[in-house]
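[1] here's a sequence, model it:
(chains A and B)
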Amino acid sequence: MSKPILDVVSLNKSFEVKSKKTLWGKPTRVQVLQDISFQLYEGETLSIVGESGCGKTTLGRCIVKGISASSGEVNYMTEEGDTVDFLKLKGKEAKKLRKDIQMIFQDPYSSLSPRMSVFDIIAEPLVANFKLKKSEIEEKVAEIASQTGLNVSYLRRYPHAFSGGQRQRIAIARALIMQPRLIVCDEAVSALDVSIQAQIINLLKDLQESFKITYIFISHDLSIVQNISDRVAVMHLGKVVELAPSEAMFSRPLHPYTEALMSAVPQPDPERKKDRIILEGEVPNPANPPSGCHFHPRCAYRTDKCVQQVPELREVDNGHFSACHYAGELNLKGVQANEAKRA
Amino acid sequence: MRTLPIFKRAKTEAFLESAAKDINYSSQWKLIYMKFKRHKLARISLIVLGVLYFVALFAQFIAPYSLQSYDSKYVNAPPMTLRFVDADGKFHLRPFVYELKSARDPDTMRKIFVSDTEKRYALKWFVQGEEYKFLGMFKTKLHLFGVEQPGRLFMFGTDAMGRDMFSRIVLGSQISLSIPLVGVGISFVLGLIIGGISGYFGGWLDSIIQRIIEIIRSFPTLPLWMALSAAIPPRVPVVTMYLYIVIIFALIGWTDLARVVRGKFISLKNEDYVVAAKIAGVGNTKIIVKHLLPGFMSYLVVATTLAIPNMILSETAMSFLGLGIRSPATSWGVLLQEAQKVENVALYPWKLIPLGIVVLTVLAYNFLGDGLRDAADPYKK
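    Numbers count the residues shown, from 1 in each chain, chains lettered A, B, ... in the order given. Take a look at the predicted model:
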């Protein structure tokens, strides 16, 4: 594996929630991200999966500084090989490195300003960061648009003239125009229908090959994740509970939560008996998380230890991290690679 | 690298023309305009308001008489009828009026006016009358229409001092239609800036601004106006004094708009496309100007349009209470105040014509605001 491009060290994010009961009551804090640490290697695709509300999107946005993290570091290794904390960058340096990390949003309908023409949307990062001549901007926009499969003669139109798939291409073109080294794809294909999903994913893969882009791919669709990622991180209630190379994760999960997620992957074979693990109870309230292991109220394997002690994320296998007290001891079912892999 | 045809073609006129017709190439304002055009009532209102403001602009020219002109011979004279056929049944191409003669009603012994069919005055365009300054620039005696001296033309009758109502309504519109704009303009700017700061930066600044707004909003306005009109020295010319009052009005009135602006800022600053711009490295000012403001400018236009009739009404209300303009300066409120006696309703109903004009103006503004509101968000289905 190559060198790390991003080193996330104990990233925390909490939101204040005002209690409605009293006028001067202290706001309660909801810990949305808890002590997230992982490394990202250049050129790889790291997928982040987890159920709704587990903090996937918040993590993505914190990394790109869409929202500011409460504490923690995001150490970024620049092209020259220097390591800087991306979150603490200010002024000129921030502006210089801004272009290296970009994001593609989940909803192609809300992420494009309806009041700007597509050309202006794609050109916006260029205009904001570089002093370029008009012709240069036009050239670059046209190039990126044709690369992302957009019809260049439609660029003067407004977003409302485009379909969901086209809009997502516009969003991708906007993210790509500054030639970033890292793109956070926040559910970049979830809003699209399956045929377009495939197109967009192939597009992202092609771009990765030609520009050596690193992706953080946030998704809840495990079949896509299995298809495209080098490594997968599973998040549960603001914590990374398992982090492993994709194949190892899918064939042999080391956390009961991952097992439950895997069992939800639809199988294309109707003959095969489904033994889905249905998680009981609801997702715990992040404002009032359960003691010990946050997953214990819904875990089939829980013991007293799980209720009392908080498990650490530890390396169980080579490059396979898990935050379960019994990682490696339990016999958890994964997904057979040849079965789930799409044709 | 290739240069693609689109960028060259965009400059040619043929392309622009076809693009103008295509909804896919239409910007926000164009979509709003297209939607607004379909609102018939709003279009009519726009025309009505256009006419009213045109009249106000050229009031001295259009009004046959000035504010100072009065005639004790014609006190409470009814509106004159424009005639084409005279007493002998002869048809005249040019409309004319008869001179009014005062007489006594044989039954009630009340003073009434009858037409003197002997004296006929033809209505003429561009007659010489009292001197005034055209648009405040040069002196002239030319009026749009009128009758030759010594004839008199009272289209809407006269008031208790023998002043021409039509002239007073036209001249009064200058104040009634313009000063509210000043007030709305001031509260617009204040509301936009203060509300914008409150919404965009949030935190303690937001809390402080919101508390101040609450305090201002809890002032009882009526006693405040009374105190203010008493506090302003009487030697200040009436119109200037009224301007002061309206400014103070606006200093209270911005709170509404500030709240709307704040709400819009808060909801828009978390929109994905704003976050996207932030991530792309766009600066704060540019985000506000390019992404946030256009996002709710249309609502501001609507809010402002709907605020103007309120200002017009409160001008009339204040003059009606005797707090605003005083005679001989005239606004519609002053005219209404003079019309507030019950005898007017029974005996001189033409003195209520200003009421109709106020209603017309306010309705026109409201319909216009309605049409704008429907058109304001072209992206909503």
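
[2] burial of the nearest residue to A:D100 once chain neighbours are set aside, as a residue count?
    With C-beta to C-beta, 6 or more residues apart in numbering or on different chains as the criterion, A:D100 has its nearest non-adjacent residue at 4.8 Å, and that residue is A:R181. No exception for glycine: its C-beta is placed from N, CA and C like everyone else's. Using other C-beta atoms under 10 Å in any protein chain shown, A:R181 is surrounded by 22 other residues.

[3] just A:N318 next, same as before
    8.

[4] just give me the residue right at the centre of chain B.
    Residue closest to the mean C-alpha point of chain B, counted by C-alpha atoms, centre = their mean, is B:L177 at 3.4 Å.

[5] from B:S331, how far out is that one?
    9 Å (C-beta to C-beta, to the nearest Å).

[6] also A:T83?
    For A:T83 relative to B:S331 (C-beta to C-beta), the value is 72 Å.

[7] of those two, which one has the most company?
    Between A:T83 and B:S331, B:S331 has the larger neighbour count (other C-beta under 10 Å), namely 31 against 12.

[8] for B:M165, see how far away that one is.
    14 Å.

[9] which bits of the stretch 251-381 of chain B sit near chain A?
    Within the stretch 251-381 of chain B, the residues that sit near chain A (C-beta under 8 Å from any C-beta of the partner chain) are B:271-273, B:275-283, B:286, B:290-291, B:294-295, B:379.

[10] change it to 10 Å
    Within the stretch 251-381 of chain B, the residues that sit near chain A (C-beta under 10 Å from any C-beta of the partner chain) are B:270-283, B:286-287, B:290-291, B:293-295, B:297-298, B:377-379.

[11] now the residues you listed: which count as buried?
    Neighbour counting by 16 or more other C-beta atoms under 10 Å in any protein chain shown classes B:271-282, B:287, B:290-291, B:293-295, B:297-298, B:377-378 among those as buried.

[12] return the subset of these lying in strands.
    Judged by DSSP state E, these include no members of strands.

[13] which of these fall in helices?
    B:272-279, B:287, B:293-295, B:297-298 (DSSP state H).

[14] what two of these are the furthest from one another?
    B:I279 and B:S298 (26.2 Å; C-beta to C-beta).

[15] next, count neighbours for B:F134.
    Neighbours of B:F134 under the rule other C-beta under 10 Å: 13.

[16] count the neighbours of the residue nearest to it when sequence neighbours are not counted for me.
    Spatial nearest neighbour of B:F134, excluding adjacent residues (C-beta to C-beta, 6+ apart): B:T140 at 5.0 Å. B:T140 sits with 15 neighbouring residues when counted by other C-beta under 10 Å.

[17] and the gap between B:T140 and B:L268?
    B:T140 is 52 Å from B:L268, by C-beta to C-beta.

[18] ditto for A:S263
    41 Å.

[19] ditto for A:Y326
    Distance from A:Y326 to B:L268, by C-beta to C-beta: 48 Å.

[20] same check on A:L112?
    A:L112 is 14 Å from B:L268, where distance means C-beta to C-beta.

[21] higher neighbour count, these two?
    Shown here are A:L112 and B:L268; by other C-beta under 10 Å, A:L112 has more neighbours (25 against 20).

[22] looking at that one now. What's its pLDDT?
    For A:L112, the pLDDT comes out at 88.

[23] now do the buried residues in the helix or strand hosting B:K133.
    Assigning secondary structure by DSSP states H and E places B:K133 in strand B:111-134. By neighbour count with 16+ other C-beta under 10 Å, strand B:111-134 contains the buried residues B:I112, B:F113, B:S115, B:R120, B:Y121, B:L123, B:K124, B:V127, B:G129, B:E130, B:Y132.

[24] nearest to A:Y154, of the residues you listed?
    B:Y132 (58.9 Å).

[25] what sits against the closest one?
    Shown in contact with B:Y132 (C-beta atoms under 10 Å, 6 or more residues apart in numbering or on different chains): B:A59, B:Q60, B:F61, B:A63, B:S66, B:L67, B:K139, B:T140, B:K141, B:L142, B:H143, B:L171.

[26] tell me if I'm right that A:F295 and A:C306 touch.
    Yes: contact status for A:F295 versus A:C306: in contact at 7.9 Å, counting by C-beta atoms under 10 Å.

[27] intersection of neighbour lists for these two?
    The contact lists of A:F295 and A:C306 share A:P256, A:C324, where a contact means C-beta under 10 Å, 6+ apart.

[28] which residues do B:L177 and B:S331 both contact?
    Shared contacts of B:L177 and B:S331, defined by C-beta under 10 Å, 6+ apart, comprise B:I312, B:E315.

[29] just give me the neighbour total for B:P220.
    B:P220: 7 neighbours (other C-beta under 10 Å).

[30] for the stretch 51-200 of chain A, which spans come out with low pLDDT?
    Counting by pLDDT under 70, the stretch 51-200 of chain A contains no low-confidence range.

[31] please enumerate the helices of the stretch 151-300 of chain A.
    A:164-176, A:194-211, A:222-228, A:246-251, A:256-263 (DSSP state H, counting those that start in this stretch).

[32] helices or strands up against the shortest one?
    Just to be clear, that refers to helix A:246-251. When contacts are defined as 3 or more C-beta pairs under 10 Å, 6 or more residues apart in numbering or on different chains; DSSP states H and E, helix A:246-251 packs onto strand A:45-49, helix A:222-228, strand A:231-236, strand A:239-245, helix A:256-263, strand A:320-322, helix A:337-340.

[33] burial measure for residue 303, as a count.
    You didn't say which chain, so I picked chain A. A:T303: 14 neighbours (other C-beta under 10 Å).

[34] ah, no, chain B please
    The local packing of B:A303 (other C-beta under 10 Å) involves 21 other residues.
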